[in-house]
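Engineer: please work out how this folds:
(2 chains)
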Number of protein chains: 2
Amino acid sequence: MKNYRVGIDLGGSFIKYGIFDEHKRVVKKWEKPTPSFEAEAMIRSICSDIVGFTKEASIRDNKLQGAGLGIPSSITSEGIVLDAPNLGWKSVDIKKVWSCNSEIPLYVENDANVAALGEYFHGSSQVDSMLFVTLGTGVGGAVIIDGKLIRGSHGGAGELGHFPMNPMEEEACNCGKKGCLEQYASSRGIVRVAKKALEYSDKKSVLRDKTGLSAEDIFSAFHEGDLVAVQALEVFGETLGRALACAAGTIDPQEIVIGGGMSSAGEVLVDYVKKYYYQYAFTPCKWTKIRLSSLGNKAGIYGAMELIPD
Amino acid sequence: MKNYRVGIDLGGSFIKYGIFDEHKRVVKKWEKPTPSFEAEAMIRSICSDIVGFTKEASIRDNKLQGAGLGIPSSITSEGIVLDAPNLGWKSVDIKKVWSCNSEIPLYVENDANVAALGEYFHGSSQVDSMLFVTLGTGVGGAVIIDGKLIRGSHGGAGELGHFPMNPMEEEACNCGKKGCLEQYASSRGIVRVAKKALEYSDKKSVLRDKTGLSAEDIFSAFHEGDLVAVQALEVFGETLGRALACAAGTIDPQEIVIGGGMSSAGEVLVDYVKKYYYQYAFTPCKWTKIRLSSLGNKAGIYGAMELIPD
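Structural biologist: Take a look at the predicted model:
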């Protein structure tokens, strides 16, 4: 009987592995920096990692039911990775490359979708529908309705990061448009907002002398009462709260969950989002619960494992 | 065998009836001004209309499989009409009132949802998913994914009219918030926008001398090249295009369909929406088809009929 599953979360900075037993409990997990490989070399490396890790966990290869893989890219229903700028990949037929290296069946999905599935099936609350937003270098998202992941007709469902939030914005987003949510609510975005605030005001701020200003610097300055950090969080909360009010007005989810690397900043994110969401949301979804992902950065491996059918 | 169905579209201004045969083809339809009745009197009036109309169409009462009713209100899954300001109703247990007056089974749904169902099943294109937006006195909407109407966890899915589109707006929407889509893209909204443009500029305009300025006046002035009317349509298109980019970024529908009373203004609406939607939408849903409802104001009776199960 094949009763073990591997969940893999391939991010731009780290690659995480989890081996799960027949009860979908994690048996063992590993994390390592993402090597800067081309797609084929990366898949070879993942396949050899799986062999190594299963051996380490005393599981035989033929006991593996499959591997689930979350990738930061839009992925077609045929398993083509369209564009993964954080990995430097374009138009990769991932299943083909995989089948050359491993006989274990592979299931692939976009990383935000995978994290949402992890939170949906293994997170702290039981709901039917969820809007999941990932805050990291960029902003991603996913939609689950009646327990089903909504991919959209071009794989574009849940793409909150590129909601047009500010028609007056003059700087361009990575996507080429101007005024995207990502320009205000990602880790890069909040740094950009803080730098602008420093540039246009004379406010005293511990951020002023930082070289290589990071989102972490802003959160730590916020906790010291730094006024520029407060201002950056206000912009973050106003923009994300307004975007979430639009997304909730579209699908009216039971719950809104915030995940991604930046969510490690904690409840302060939820507080600022709530402040504006509750002001902007229309009556029926005015009191929708907003919370941090309870699985944190483990959501990806749990969700990737859930891609593997019984 | 019961093989006829009645579809009823109860609007603030008109009530429309359609009788459909076993092939879901319309046998006969009627339209009359909505009487300003309390809920109970209205239901009595609808029941007696059905009796009269079926007699007129030579159909016996016992041949009716059911009646479907679209109402401009949020409706709970138990059939409670929560708040229908255009009818002056609040918290009406519509199924209870109905069962006192008729033995024909009744199925009730929000009017925008019903119009979307009509367009989905009987409109000009065959798609799996659709974002439907109704432009009338207000702005409503509905979401269909994989052929299923998405109601949301509080009945608030598809509520595009109250997307927060302008945080700088100073006037309040009917809902109490400020800057809702409805304030720019409904028939009332476009009149408000034109009035503001007249107030803040000295531009020559045929709209300047109109008493009781209407959306129709604006569209007719637009076709004469009136600059204030053009300006109002630009604001309409920019705001609705931006809102649709957010809704499409949430569910990535195959098609966006514009219906409701104001859609009789024709292709000019689609042109202005496309101009901005294509500028704001994120790559995967950048070329989503946007079109006018092909059923026009008949969408409601078709969709109401579709509420009745086989």
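Engineer: who are the contact partners of the residue of chain A most remote from its centre?
Structural biologist: Most distant residue from the mean C-alpha position of chain A: A:Asp202, 35.1 Å away (CA atoms, centre = their mean). Counting by CB atoms under 8 Å, 6 or more residues apart in numbering or on different chains, A:Asp202 makes contact with nothing. (Each C-beta comes from the backbone N, C-alpha and C, glycine too.)
Engineer: so how far is chain B from it?
Structural biologist: Counting by CB to the nearest CB, to the nearest Å, the separation of A:Asp202 from chain B is 25 Å.
Engineer: secondary structure class for that residue?
Structural biologist: Three-state assignment for A:Asp202 (DSSP: H, G, I helix; E, B strand; the rest coil): coil.
Engineer: now it. Its backbone dihedrals?
Structural biologist: Main-chain dihedrals, A:Asp202, degrees, to the nearest 10: phi -110, psi 10.
Engineer: ok, A:Gly79 next?
Structural biologist: Backbone phi and psi, for A:Gly79 under degrees, to the nearest 10, turn out to be phi 90, psi 20.
Engineer: what separation do you get for it and chain B?
Structural biologist: Taken as CB to the nearest CB, the span from A:Gly79 to chain B is 17 Å.
Engineer: ok, now A:Lys95?
Structural biologist: In terms of CB to the nearest CB, A:Lys95 sits 20 Å off from chain B.
Engineer: grab the CA positions of whichever strand or helix holds that residue and hand them over as CSV.
Structural biologist: Per DSSP states H and E, A:Lys95 falls inside helix A:94-101. Provided in CSV are the C-alpha atoms of helix A:94-101 (Å, rounded to 0.1, in the frame of the first residue of the first chain):
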residue,chain,number,x,y,z
ILE,A,94,7.2,20.6,-15.6
LYS,A,95,5.5,17.3,-15.8
LYS,A,96,7.6,16.2,-18.8
VAL,A,97,10.8,17.2,-17.0
TRP,A,98,9.6,15.4,-13.9
SER,A,99,8.7,12.1,-15.6
CYS,A,100,12.3,11.9,-16.9
ASN,A,101,13.6,11.8,-13.4
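Engineer: okay, buried residues for that helix please.
Structural biologist: A:Ile94, A:Lys95, A:Val97, A:Trp98, A:Asn101 (16 or more other CB atoms under 10 Å in any protein chain shown).
Engineer: now the third one: closest residue in space that isn't a chain neighbour?
Structural biologist: For A:Val97, the nearest residue in space outside its immediate sequence neighbours is A:Ile43; the separation is 4.7 Å by CB to CB, 6 or more residues apart in numbering or on different chains.
Engineer: that neighbour reaches A:Asn101, doesn't it?
Structural biologist: Yes: assessed by CB atoms under 8 Å, A:Ile43 is found in contact with A:Asn101 at 5.7 Å.
Engineer: for the stretch 1-150 of chain A, which residues are neighbours of chain B?
Structural biologist: A:Ser74, A:Val127, A:Asp128, A:Ser129, A:Leu131, A:Val143, A:Ile145, A:Ile150 (CB under 8 Å from any CB of the partner chain).
Engineer: residues contacting the fourth one?
Structural biologist: With contacts defined as CB under 8 Å, 6+ apart, A:Ser129 is in contact with A:Ile144, A:Ile145, A:Asp146, A:Ile251, A:Asp252, A:Pro253, A:Gln254, A:Glu255, B:Gly152, B:Ser153.
Engineer: the lengthiest helix in chain A vs helix B:227-251, what angle?
Structural biologist: Criterion DSSP state H: the longest helix present in chain A is helix A:227-251. Put simply, helix A:227-251 runs at 90 degrees to helix B:227-251, going by axes from the mean of the first three to the mean of the last three CA atoms, to 10 degrees.
Engineer: give me the next element, helix or strand, following helix A:227-251.
Structural biologist: Counting by DSSP H and E, what follows helix A:227-251 is strand A:255-259.
Engineer: could I get that following strand in CSV with only the CA atoms?
Structural biologist: Output of strand A:255-259 as CSV, limited to C-alpha atoms (Å, rounded to 0.1, in the frame of the first residue of the first chain):
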residue,chain,number,x,y,z
GLU,A,255,-13.0,34.2,6.3
ILE,A,256,-10.1,36.2,5.0
VAL,A,257,-6.7,34.8,5.9
ILE,A,258,-3.4,36.6,5.6
GLY,A,259,-0.3,34.5,5.0
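Engineer: so what touches it?
Structural biologist: By CB under 8 Å, 6+ apart, strand A:255-259 touches A:115-116, A:119, A:123, A:125, A:127, A:129-135, A:244, A:248, A:269-270, A:273, A:277, A:288-293, A:295-296, A:299.
Engineer: mind giving me the ChimeraX select for those residues, buried ones only?
Structural biologist: Of the contacts of strand A:255-259, the buried ones go into a single ChimeraX selection, burial set by 16+ other CB under 10 Å:
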select /A:115,116,119,123,127,129,130,131,132,133,134,135,244,248,269,270,273,277,288,290,291,292,293,295,299
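Engineer: give me the subset of the contacts of strand A:255-259 lying in helices.
Structural biologist: Checking these against DSSP H, those in helices are A:Ala115, A:Ala116, A:Glu119, A:Leu244, A:Ala248, A:Leu269, A:Val270, A:Val273, A:Tyr277, A:Ala299.
Engineer: and the residue in the stretch 101-250 of chain A positioned nearest to chain B, how many residues sit next to it?
Structural biologist: When scored by CB to the nearest CB, the stretch 101-250 of chain A has A:Gly152 as its residue closest to chain B, at 2.4 Å. As a burial measure, A:Gly152 scores 23 neighbours (other CB atoms under 10 Å in any protein chain shown).
Engineer: which helix or strand contains it?
Structural biologist: A:Gly152 belongs to no helix or strand, assigned by DSSP H and E.
Engineer: how about it, what does it touch?
Structural biologist: A:Gly152 sits in contact with A:Gly158, B:Ser129, B:Ile251, B:Asp252, B:Pro253, B:Pro284, B:Cys285, where contact means CB under 8 Å, 6+ apart.
Engineer: any chance of the backbone angles for it?
Structural biologist: phi 90, psi 160.
Engineer: chain A: strands as residue ranges?
Structural biologist: Assigned by DSSP state E, the strands in chain A fall at A:4-10, A:14-20, A:26-33, A:64-71, A:74-75, A:80-84, A:89-93, A:106-110, A:130-135, A:139-145, A:148-150, A:255-259, A:289-292.
Engineer: got a markdown table for those, with mean pLDDT too?
Structural biologist: Shown next, in a markdown table, are these (pLDDT from 0 to 100):
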| stretch | mean pLDDT |
| --- | --- |
| strand A:4-10 | 96 |
| strand A:14-20 | 95 |
| strand A:26-33 | 94 |
| strand A:64-71 | 95 |
| strand A:74-75 | 84 |
| strand A:80-84 | 83 |
| strand A:89-93 | 89 |
| strand A:106-110 | 94 |
| strand A:130-135 | 97 |
| strand A:139-145 | 96 |
| strand A:148-150 | 96 |
| strand A:255-259 | 97 |
| strand A:289-292 | 97 |
